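Asks: Sequence first, then the predicted structure, then my questions.
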4 protein chains.
Amino acid sequence: MVTSSTRGGSADARRRRERAVSGARRELILEAAREAFADKGLAGASLREIARRAGYTPGALYSYFDSKEAIYGALLGESLERLNGAVGAAIEGAVAPRERLHRAADAFYVFYRDHPRELDLGFYLFNGVRPMGLTPELNATLNARLRDALAPVEVALVDLGRPPAQAVAATTALFAQMVGLLVLGHTGRIRLFGQQPDALLADYLDALASP
Amino acid sequence: MVTSSTRGGSADARRRRERAVSGARRELILEAAREAFADKGLAGASLREIARRAGYTPGALYSYFDSKEAIYGALLGESLERLNGAVGAAIEGAVAPRERLHRAADAFYVFYRDHPRELDLGFYLFNGVRPMGLTPELNATLNARLRDALAPVEVALVDLGRPPAQAVAATTALFAQMVGLLVLGHTGRIRLFGQQPDALLADYLDALASP
Amino acid sequence: MVTSSTRGGSADARRRRERAVSGARRELILEAAREAFADKGLAGASLREIARRAGYTPGALYSYFDSKEAIYGALLGESLERLNGAVGAAIEGAVAPRERLHRAADAFYVFYRDHPRELDLGFYLFNGVRPMGLTPELNATLNARLRDALAPVEVALVDLGRPPAQAVAATTALFAQMVGLLVLGHTGRIRLFGQQPDALLADYLDALASP
Amino acid sequence: MVTSSTRGGSADARRRRERAVSGARRELILEAAREAFADKGLAGASLREIARRAGYTPGALYSYFDSKEAIYGALLGESLERLNGAVGAAIEGAVAPRERLHRAADAFYVFYRDHPRELDLGFYLFNGVRPMGLTPELNATLNARLRDALAPVEVALVDLGRPPAQAVAATTALFAQMVGLLVLGHTGRIRLFGQQPDALLADYLDALASP
DNA sequence: CATGAATGAGAGTTCATTCAT
DNA sequence: GATGAATGAACTCTCATTCAT
């Protein structure tokens, strides 16, 4: 592109370049936050700890984020992107609705089973009635991306012949089932009953897909 | 001995009185803790806050509990007692297994739906792999009381003709379903799908009870 | 004794009996304090810890001692008694002044080398210019017993022909030498120089006893 | 690069200035700590007290030191520097070994006689077997500086014709003698014997220097 | 004599955030 | 944009001591 290749003088180009650099550094901070969460969980992911891992002083992060909660929010955003990516990749090439259903649900479940801290993050930010520290816009975006991640399940159910109203109800119930299994699995409560969350989910999906 | 029994068991009586008073004050502290949890959640229920609400100096609480976690543990213990009471009362007089199943599950669900902080408490104390400040004995007790609260469901399923192995798996799955619905309801996530957790649970139970 | 065997009624006898019992319990507390000191040092020998080891509640100790410092003072008193006992036993039967000198000094040194906490105790109580929490009477007693413990050294030096003024100066210098070796040994500082406190003391005593 | 050097090394200068200011404030804190020690001793020199005297909030000190023990360590480090300075200044220009011996030992002794809290500090930080909150590096440095302060004594003894092994033993013994005199002088124990620590040290040195 | 409870002060440490430079 | 410093509040917990019972 001409504009960007004309050397430097353009205020426009400079602005764009700066934004790109800034975005990269934002990513760097989020990466540090992700590692902090994975290593030490919510309580350990203090702003200081994140800054330390990112190679910054605490104050510097306020150039990129308005507050600690905002970092958490951005991190949750990225997490949801990865979730959608995982679900999308899982159903790629799956033609049969039954298979799509299984693959989509499995991808969703496995994503959180293998990254339990990202589930914590969502719970933390939506603790109590209203989200904490998130702008309404970000909140809406996050909600939409969550719905997106479950949409393939709903579509598959419709393709399996379920009426739309029933499909959305069944999707919601499956969502609840998965969240419940994840939480109980994560806290070790499920061992109380000598059960395996993975097997229980498989049973649930079998029942869901059968006519 | 004659002397001590003729003197009216005064030392005995005093000891009994003191224990009762002490127990009442312990309750008072737990009540304050419960309120602190309800008002401000886990993060807000600091030792200072609990002491303030109970009308005590922070240090005074250490006459009754060994640590903050011990208060949490006691609180969870009481919560589980109330849960068991609620479930027990609900199935009182219910003869038909199907009705017992519905009533027991409903009581469990409603208990946490109406006291969401007590669900948080349980999650907090069993965060990560190992419980935090709880003695192994208390931990075992808490686990047992949780199983107790779900036992009526399991029994009803057996009475409905399910083989034992299937009954316990179904109970666990129901547990997960309820926890999922509670968490999603509590964080408002379920509104995303335009669903009502209560209705979804009813559907789940209907399916579970049908042959 | 008649008085004490005539059953109970006498107020005198009762007073005496009570004092004996009280003294025994005082001893019990001091024993607990000694153990606490030996196990955990000055910082760990809190009033609570001492009470716990003695099988009492903290408040109960105030029936026997006016303050924590008073317990420390009494403990130091007992320590000095044992010190005098050790020194006395060491010189028993020693005729030659030179041998008495060696034995007395060695007993003194070994006592504190093997019970370093009791040296700490003395330093603690006389930290700063004036003793803390000790009555002047107790302070005078403790000082006198300390002098007593070193008196055999002084006597031996006189018996070796030293003029009195020189004997007391030499005793004081030996005292300082022993304290210095004990402190440096206890804190490991003496290892810096690759020396052994015991050997250094032996050299010092040899020089002292030679004409 | 031309640009950065023509612009006067402003970033460099700034960095240098900031480091100097920071160092000065560190000194200010250490000065406050020193005063707190002098006024109230080890027990009274709490982090809060030090911060108060320095005009800081308690938390602010953590910008300069990692822990309370680290402040103590730095303070001891400075103390040992001053000690070395005092000893070094004292032997400046002293040619005769005998005079060097006297001057070096006197300087060492007088330093601690006039600043008894700094002796306490050293004892505190090397309490028990292992140093408390000090890094091994700092510990090694402190040990080395202590040896340095006594090295002139050892050298003078060698210059007086003592074999090396005897010189180090004699230095250690002198060290112990001085520490003993200081401790006994500081706690007033030496008055018990009607002696003056300064005179006793003079006697000791005379004996040490004589053939 | 002894208890159990309570006080009030204080311990060291961590936190998110702000702001001059 | 980034630092380094600082705030101010909060954290859990421990202490010696007191006192009604």
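Replies: Great, that's in hand.
Asks: Neighbours of A:Arg48, how many?
Replies: Using other CB atoms under 10 Å in any protein chain shown, A:Arg48 has 13 neighbouring residues. For the C-beta atoms, the positions are set from N, CA and C on the backbone; glycine is no exception.
Asks: List the contacts of it.
Replies: Contacts of A:Arg48 were listed using CB atoms under 8 Å, 6 or more residues apart in numbering or on different chains, and they are A:Pro58.
Asks: and the helix or strand where it lies with DNA strand E, contact?
Replies: Secondary structure here is read from DSSP states H and E; on that basis A:Arg48 sits in helix A:47-54. Yes. Shown here: helix A:47-54 in contact with DNA strand E (CB under 7 Å from any atom of the strand) through A:Leu47, A:Arg48, A:Glu49.
Asks: Next: stretch A:74-82.
Replies: No. Against DNA strand E, stretch A:74-82 shows no contacts by CB under 7 Å from any atom of the strand, the least distance being 13.0 Å.
Asks: A:Leu101 is in contact with A:Val87, correct?
Replies: No. Counting by CB atoms under 8 Å, no contact exists between A:Val87 and A:Leu101, whose distance comes to 11.7 Å.
Asks: where do the helices sit along chain A?
Replies: When assigned using DSSP state H, the helices of chain A occupy the ranges A:2-5, A:11-44, A:47-54, A:68-91, A:97-114, A:116-125, A:136-159, A:164-186, A:197-209.
Asks: Just put these in JSON lines and tack on distance to B:Leu157 and mean pLDDT.
Replies: Formatted as JSON lines, the helices of chain A follow (distance: least, CB to CB, whole Å; pLDDT from 0 to 100):
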{"stretch": "helix A:2-5", "distance to B:Leu157": "68", "mean pLDDT": "46"}
{"stretch": "helix A:11-44", "distance to B:Leu157": "36", "mean pLDDT": "86"}
{"stretch": "helix A:47-54", "distance to B:Leu157": "47", "mean pLDDT": "96"}
{"stretch": "helix A:68-91", "distance to B:Leu157": "33", "mean pLDDT": "96"}
{"stretch": "helix A:97-114", "distance to B:Leu157": "25", "mean pLDDT": "97"}
{"stretch": "helix A:116-125", "distance to B:Leu157": "29", "mean pLDDT": "88"}
{"stretch": "helix A:136-159", "distance to B:Leu157": "27", "mean pLDDT": "94"}
{"stretch": "helix A:164-186", "distance to B:Leu157": "17", "mean pLDDT": "96"}
{"stretch": "helix A:197-209", "distance to B:Leu157": "14", "mean pLDDT": "96"}
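Asks: for those helices, which one ends up most surrounded?
Replies: Highest mean neighbour count among those (mean count of other CB atoms under 10 Å in any protein chain shown): helix A:164-186, with a mean of 22.
Asks: Specify the angle between that helix and helix B:164-186 in degrees.
Replies: 100 degrees (axes from the mean of the first three to the mean of the last three CA atoms, to 10 degrees).
Asks: and helix A:164-186, how far from the chain's centre?
Replies: Relative to the chain's own centre, helix A:164-186 is displaced by 16 Å; criterion: CA atoms, centre = their mean, to the nearest Å.
Asks: Kindly report the same for stretch A:138-154.
Replies: The chain centre lies 9 Å from the centre of stretch A:138-154; the measure is CA atoms, centre = their mean.
Asks: okay, that stretch in PDB with CA atoms only?
Replies: Only the C-alpha atoms of stretch A:138-154 are listed here, as PDB (Å, rounded to 0.1, in the frame of the first residue of the first chain):
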ATOM      1  CA  LEU A 138     -17.500  -5.900  26.500                       C
ATOM      2  CA  ASN A 139     -20.100  -7.800  28.500                       C
ATOM      3  CA  ALA A 140     -22.400  -8.000  25.400                       C
ATOM      4  CA  THR A 141     -19.500  -9.200  23.300                       C
ATOM      5  CA  LEU A 142     -18.500 -11.900  25.700                       C
ATOM      6  CA  ASN A 143     -22.100 -13.100  26.000                       C
ATOM      7  CA  ALA A 144     -22.400 -13.200  22.200                       C
ATOM      8  CA  ARG A 145     -19.200 -15.200  21.900                       C
ATOM      9  CA  LEU A 146     -20.400 -17.700  24.500                       C
ATOM     10  CA  ARG A 147     -23.600 -18.200  22.500                       C
ATOM     11  CA  ASP A 148     -21.600 -18.600  19.400                       C
ATOM     12  CA  ALA A 149     -19.600 -21.400  20.900                       C
ATOM     13  CA  LEU A 150     -22.800 -23.300  21.700                       C
ATOM     14  CA  ALA A 151     -24.500 -22.500  18.400                       C
ATOM     15  CA  PRO A 152     -23.200 -25.600  16.600                       C
ATOM     16  CA  VAL A 153     -24.800 -27.800  19.100                       C
ATOM     17  CA  GLU A 154     -28.200 -26.000  18.700                       C
END
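Asks: and it, anywhere near chain B?
Replies: Yes. In this structure, stretch A:138-154 sits against chain B according to CB under 8 Å from any CB of the partner chain; the contacting residues are A:Asn143, A:Leu146, A:Arg147.
Asks: Is any residue of stretch A:37-47 near chain B?
Replies: Yes. Using CB under 8 Å from any CB, stretch A:37-47 reaches chain B at A:Gly41.
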